[in-house]
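Trainee: mind looking at a prediction? Sequence and model below.
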Amino acid sequence: MEKVIVLAGPTATGKTDLAIELALMVNGEIISADSAQVYRYMDIGTAKPTPEEQRGIPHHMMDIVYPDEAFSVAQFKALAEAAIRDILARGKVPIVAGGTGLYISSLVYNIQFSETISDQEFRERMKTLAEQYGPEYLHNRLKAIDPISAEKIHPNNVKRVIRALEVYESTGRPISEHQALSRTKPPEFDYRLFGLIMDRQRLYERIEQRTDIMMKKGLADEVARILGMGYPRDLVSLQAIGYKEIAAALYGECSMDEAVQQIKLNTRHLAKRQITWFNSMEGLKWLDTQVLDRRAMLKILADALNIGH
């Protein structure tokens, strides 16, 4: 079974830089596992590496859809696996790098998605109920039929609650059951799973610094440009951290300074959720960036591939 390195972990830990250095060392190509980097025009706020930062290493799964196009984890899995096959066929090493836990789990656990299940009319009905009675109402319905999924899905994540209800409505079986069955088939590749971690205080400092750098690079102009192209601010893509807060400032709902503080706070919360998610992933080996230097980490990753260095 062909080996694939997966470099996960919370935001702002340096996954992108390390993945690029590893790719240079082992003749690799990178597959981004970031749910915001799939969108075109969203560059600064998603911390996409610039062409210079990519250092000639091909990057896959970036800039593949427009901000108003739907993009699901099932699409990610299908396209990422196709990219892995293509990279391997050319004798190169695939390196999956990113912080979207659901994307990484879909590959590592080989989660099968019932994309055939689609009932737009049912979705619209559920959306209307959520608007009339609030998200808790739908979440309680889910709790009654699928307590396992209800435990995992936040009541405010209306889209995922509706999806779980839709699968049950169409198949008579909870989505958690579909997912449990889907994991019984082993993945196509031998995923070697690593996570970058550091002291929480240091991580928060890096998040603050990175937000300030994004602002200097022109994040506010990037958001204004996207909105100026006619994309409505309530799109799923523009709910990404950095975009929704700046949009609020541009619409006069808060000051730009308040928006920046909110980005920092929301990014810290995201990092906490990412750590929790990756902690629960079986077989993940944490690499502490404050204990291991860059060379040591690269050696561990190359050893996992059994590639000389």
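Mentor: Everything's here; your move.
Trainee: okay, strands next: where are they in this structure?
Mentor: 3-8, 28-32, 59-60, 93-97, 190-197, 285-288 (DSSP state E).
Trainee: any chance of a markdown table for those strands, columns distance to residue 304 and mean neighbour count?
Mentor: To be clear about C-beta, it is placed using only N, CA and C from the backbone, and glycine gets the same treatment. Putting those into a markdown table (distance: least, Cβ to Cβ, whole Å; neighbours: other Cβ atoms under 10 Å) gives the following:
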| stretch | distance to residue 304 | mean neighbour count |
| --- | --- | --- |
| strand 3-8 | 6 | 24 |
| strand 28-32 | 12 | 26 |
| strand 59-60 | 20 | 20 |
| strand 93-97 | 11 | 25 |
| strand 190-197 | 4 | 20 |
| strand 285-288 | 8 | 14 |
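Trainee: between those, which one is nearest to residue 273?
Mentor: strand 3-8 (13.0 Å; Cβ to Cβ).
Trainee: rewinding a little: out of the strands of the chain, the one nearest residue 271 is which?
Mentor: strand 190-197 (10.2 Å).
Trainee: now do that closest one: distance to the chain's middle.
Mentor: Distance, stretch centre to chain centre, for strand 190-197: 15 Å (Cα atoms, centre = their mean, to the nearest Å).
Trainee: again with stretch 84-94
Mentor: 22 Å.
Trainee: also stretch 78-89?
Mentor: With Cα atoms, centre = their mean, you get 18 Å for stretch 78-89.
Trainee: for it, what is the average pLDDT?
Mentor: Here stretch 78-89 scores 97 as its mean pLDDT.
Trainee: return the set of buried residues in that stretch.
Mentor: Residues of stretch 78-89 classed as buried: 79-81, 83-84, 87-88 (neighbour count, 16 or more other Cβ atoms under 10 Å).
Trainee: counting neighbours, what do you get for residue 232?
Mentor: 10 (other Cβ atoms under 10 Å).
Trainee: what's it in contact with, if anything?
Mentor: When contacts are counted by Cβ atoms under 8 Å, 6 or more residues apart in numbering, residue 232 touches 68, 238.
Trainee: got the phi/psi numbers for it?
Mentor: The phi and psi values for residue 232, taken as degrees, to the nearest 10, are phi -70, psi 150.
Trainee: same thing with the one 4 residues further on?
Mentor: Residue 236 adopts backbone torsions of phi -50, psi -40, taken as degrees, to the nearest 10.
Trainee: return the residues in contact with it.
Mentor: Counting by Cβ under 8 Å, 6+ apart, the residues that residue 236 touches are 70, 159.
Trainee: could you redo the strands of the chain as a markdown table and give each row distance to residue 16 and mean pLDDT?
Mentor: Listed next are these as a markdown table, based on distance: least, Cβ to Cβ, whole Å; pLDDT from 0 to 100:
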| stretch | distance to residue 16 | mean pLDDT |
| --- | --- | --- |
| strand 3-8 | 9 | 98 |
| strand 28-32 | 8 | 98 |
| strand 59-60 | 9 | 98 |
| strand 93-97 | 6 | 98 |
| strand 190-197 | 10 | 98 |
| strand 285-288 | 15 | 98 |
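Trainee: quick one: which of these is nearest residue 139?
Mentor: Per Cβ to Cβ, nearest to residue 139 of the strands of the chain: strand 3-8, 28.1 Å.
Trainee: what does that closest one contact?
Mentor: For strand 3-8, using Cβ under 8 Å, 6+ apart, the contacting residues are 15, 18-19, 22, 28, 33, 84, 93-99, 101, 104, 107-108, 189-196, 278, 281, 284, 301, 304-306.
Trainee: what pLDDT does the model give residue 114?
Mentor: Confidence score, pLDDT, at residue 114: 60.
Trainee: ugh, wrong one, I meant residue 120
Mentor: On the pLDDT scale, residue 120 gets 82.
Trainee: repeat for residue 117
Mentor: Residue 117 is given a pLDDT of 64.
Trainee: narrow the buried residues of stretch 78-89 to those in helices?
Mentor: Assigned to helices by DSSP state H, the following of these qualify: 79-81, 83-84, 87-88.
Trainee: identify the residues contacting the nearest residue to residue 225 once chain neighbours are set aside.
Mentor: Leaving out its chain neighbours, the residue that sits closest to residue 225 by Cβ to Cβ, 6 or more residues apart in numbering is residue 41, at 7.2 Å. Contacts were defined as Cβ under 8 Å, 6+ apart; by that measure residue 41 touches 66-67, 222, 225-226, 229.
Trainee: among those, the buried ones, what's the PyMOL command?
Mentor: Entered in PyMOL, the line below selects the buried ones among these, by 16+ other Cβ under 10 Å:
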select buried, resi 67+222+226
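Trainee: between the contacts of residue 41, which is nearest residue 53?
Mentor: Residue 53 has its nearest neighbour among the contacts of residue 41 in residue 222, at 16.6 Å by Cβ to Cβ.
Trainee: fine, thanks again, bye for now.
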